[in-house]
Structure formats: C-alpha cells, structure tokens
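Enquirer: give me coordinates for this.
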Amino acid sequence: MSRAYVFPGQGAQTIGMGRALAEAYPASKAVFDEVDAALGEKLSTLIWEGDLAELTLTKNAQPALMATSIAALRALEAEGFGLDQVSFVAGHSLGEYSALCAAGSLTLSDTARLLRIRGQAMQEAVPVGEGAMAALLGLDFETAIAVASDAAQGEVCQAANDNDPAQVVVSGHKAAVERAVEIAKARGAKRALLLPVSAPFHCALMQPAAHVMAEALAAVPIAKPLVPVVMNVRAEAVMEPDRIPDLLIAQVTGSVRWRESVLWMEKAGVTEFWEIGAGKALSGMIKRTAAGATTRAIGTPEDIAALKA
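Expert: Predicted structure coming up:
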C-alpha cells in the first residue's frame, strides 16, 4: 500500500476553513500566524471571518488555500501521519506550491509570498472581462484540444486543466471560450459551462505572469524535496531542485496535467490519495481517473480523528 498527499487548487475556498484545526492544534495555528507575518496582514481574519468575494480574489485565495493545506498537514504530523508515510506529493495548480512547501522545498513564508505575487500577477495579466474559462464535461482531453483549436479563430483558446477522463477546462479570450462552449455541445459534451473565475488561467494570455514568477522564483531558495513531487506540467515525479523553478514558470501558461499525474502515481503503486486542505474536488477527480484508488479528504479535526478510530 502506497500513499500520496495531494493539495487542492482554487475553487475550494470557504469562509472558516482551517479555523477548527487552528483551535485544536498549536502547530496549525502557527501556520496561519506565520503566513500573516509573511504577508504583513491578517489573512487569517479574512479566511475565518471575512467576505467570500474578497477571499475568492485570486491574490487572497492562493495563499489562503495553501495555508489551510499546510495547517491540515501539521495537524496530521502531530498525530503521527507525517511525510515518512508518503511516497509522493502533488498539487493542482496553486496546490503544487502547497505540495512543495509540504515536502520542504519551499519555506512556508516564501510560499505565502510567492502565491501572493502569483495571484496578483495572474489577475493583472489580463484586464477583467477579456478572458474566461469553461468546463467541458463528457469530452476527453484530445477532443477538448480539438474544440479549443477550432474555437480560437485567431484568438487564444487552450485546454488548461485535464482534470479527469470527462472533465477538461479550457481557457483564453472570452469570445473564443464562449465559442468553445457551443462547439463542445455540438460535439457531444454532456455539459459545457463558463466558470466564475476572474482571469483565464493556464493559457498563453498569462505570459506576463510567467515573467513575474520567473523573477520571484529566482530570488527564493529551493531545497531538495523530502519526497518526490509529481509536477503539473510533466505529470511525473521531480526531485531535482534546479528543475523546479522552470516547471513552476511553465505551469502559469501551461496545462495542469492532473489526470495524467494521477495515472502516473497509480502506475507507481499509489493506492491511497489523501486530499489535504479545503474541499473534496480532487478526490472526485481521482476516483473518476483511478477507479481502484481510495481517497480521503483531510480538512478538519474530525477528519483526523476518524483516521485514529
């Protein structure tokens, strides 16, 4: 039996996430305190008591989701479920930074600052209203790539997230993404719908943000991970610190190859996937991709108590 810890991306945020962990575990509270200090603001107050619309702004959601994931990890470690029991870590989009922090490649403070920079840069790369993302349900990745290509018509439209065998997200110029929704329906998609996001992530329109992240990552030390990190743009494990910055930069404009990453881990012997942090979105994707795998979502003290029962 082999286990992987996986870390969620944007969309999982909720007001109050991680609060019960911080109240139950001093090591979890310390995570939120350190992130607040690194950012020079009380992000924890926004997470626990704030307005969901403000938390959902990508500059806030990215460090907030990471903090919640690492708080859950610290609680797990306090109960004896540390990385010594894990074969791989991986994360979806911003979750890749959580995975690298979990594996000791990035310090918590650096991770928080990088995600604040990443969130701001991704938001500023495209004026609000010019870009969009849409989920295509019931089409495989190859079909989605063809849909995006046909929808582009001189604009940008790319398959951005290969989430599971029947869910692909496309990203690009708003008009092109709207065309992709209609083309997808005509080609047999069960559903195709625009997503409530503030920018077109993981496509060529994010190139300005990739430049910003190249600069930011060059200033941050990256250590060898304690366990192999299955990286989004490669869909395979990476251990070499000098490869990590380029893969994080490529991820800004490249596809999140989540389905392939899950299949790679399954082939490498992983039978259990524990989703660390907010929500259960990855667990659903994993079950649809690797039918024989078991999944657990760990985001509350009750989830951790159930492990010991």
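Enquirer: show me what the lowest-mean-pLDDT helix or strand in the chain is packed against.
Expert: Least confident helix or strand, the chain: helix 52-56 with a mean of 92, by mean pLDDT, DSSP states H and E. Counting contacts by 3 or more C-beta pairs under 8 Å, 6 or more residues apart in numbering; DSSP states H and E, helix 52-56 packs against helix 43-49, helix 58-78. Placement of C-beta: from N, CA and C, glycine included.
Enquirer: for the chain, what spans make up the helices?
Expert: Assigned by DSSP state H, the helices in the chain fall at 19-24, 26-39, 43-49, 52-56, 58-78, 95-102, 108-124, 141-152, 174-186, 207-218, 244-253, 258-267, 281-289, 301-308.
Enquirer: for V86, find the nearest of those helices.
Expert: Evaluated with C-beta to C-beta, the helices of the chain place helix 95-102 nearest to V86, the distance being 8.8 Å.
Enquirer: for that closest one, give me every contacting residue.
Expert: Helix 95-102 has contacts (C-beta atoms under 8 Å, 6 or more residues apart in numbering) with 5-9, 62, 65-66, 69-70, 73, 83, 89-91, 106-108, 111, 114-115, 118, 222, 225, 229, 231-232, 244, 248, 251, 276-277, 282.
Enquirer: now, of those, which are buried?
Expert: 5-9, 62, 65-66, 69-70, 73, 83, 89-91, 106-108, 111, 114-115, 118, 222, 225, 229, 231-232, 244, 248, 251, 276-277, 282 (16 or more other C-beta atoms under 10 Å).
Enquirer: any regions of the stretch 101-250 of the chain where pLDDT drops low?
Expert: Nowhere does the stretch 101-250 of the chain drop to pLDDT under 70.
Enquirer: ok, 90 please
Expert: Along the stretch 101-250 of the chain, segments meeting pLDDT under 90 span 128-129, 196-199.
Enquirer: what's the most buried one of the helices of the chain?
Expert: Mean neighbours per residue, mean count of other C-beta atoms under 10 Å, is largest over these for helix 95-102, with a mean of 29.
Enquirer: what's the angle from that helix to helix 58-78?
Expert: Between helix 95-102 and helix 58-78, the angle formed by their directions is 40 degrees, by axes from the mean of the first three to the mean of the last three C-alpha atoms, to 10 degrees.
Enquirer: looking at the helices of the chain, which is closest to V197?
Expert: V197 sits nearest to helix 58-78 of all the helices of the chain, at 8.1 Å, using C-beta to C-beta.
Enquirer: dump that closest one to PDB, restricted to CA.
Expert: The C-alpha trace of helix 58-78 is given here as PDB (Å, rounded to 0.1, in the frame of the first residue of the first chain):
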ATOM      1  CA  THR A  58      -7.000  35.100  -6.500                       C
ATOM      2  CA  LYS A  59      -4.400  37.200  -4.700                       C
ATOM      3  CA  ASN A  60      -6.100  36.100  -1.400                       C
ATOM      4  CA  ALA A  61      -7.400  32.700  -2.400                       C
ATOM      5  CA  GLN A  62      -4.000  31.300  -3.400                       C
ATOM      6  CA  PRO A  63      -2.100  31.900  -0.100                       C
ATOM      7  CA  ALA A  64      -5.300  31.200   1.900                       C
ATOM      8  CA  LEU A  65      -5.800  27.700   0.400                       C
ATOM      9  CA  MET A  66      -2.100  26.900   0.800                       C
ATOM     10  CA  ALA A  67      -2.200  28.000   4.500                       C
ATOM     11  CA  THR A  68      -5.200  25.800   5.100                       C
ATOM     12  CA  SER A  69      -3.500  22.800   3.500                       C
ATOM     13  CA  ILE A  70      -0.300  23.200   5.500                       C
ATOM     14  CA  ALA A  71      -2.300  23.700   8.700                       C
ATOM     15  CA  ALA A  72      -4.000  20.400   8.000                       C
ATOM     16  CA  LEU A  73      -0.600  18.800   7.200                       C
ATOM     17  CA  ARG A  74       0.800  20.000  10.500                       C
ATOM     18  CA  ALA A  75      -2.200  18.500  12.400                       C
ATOM     19  CA  LEU A  76      -1.700  15.200  10.600                       C
ATOM     20  CA  GLU A  77       2.000  15.300  11.500                       C
ATOM     21  CA  ALA A  78       1.100  15.900  15.200                       C
END
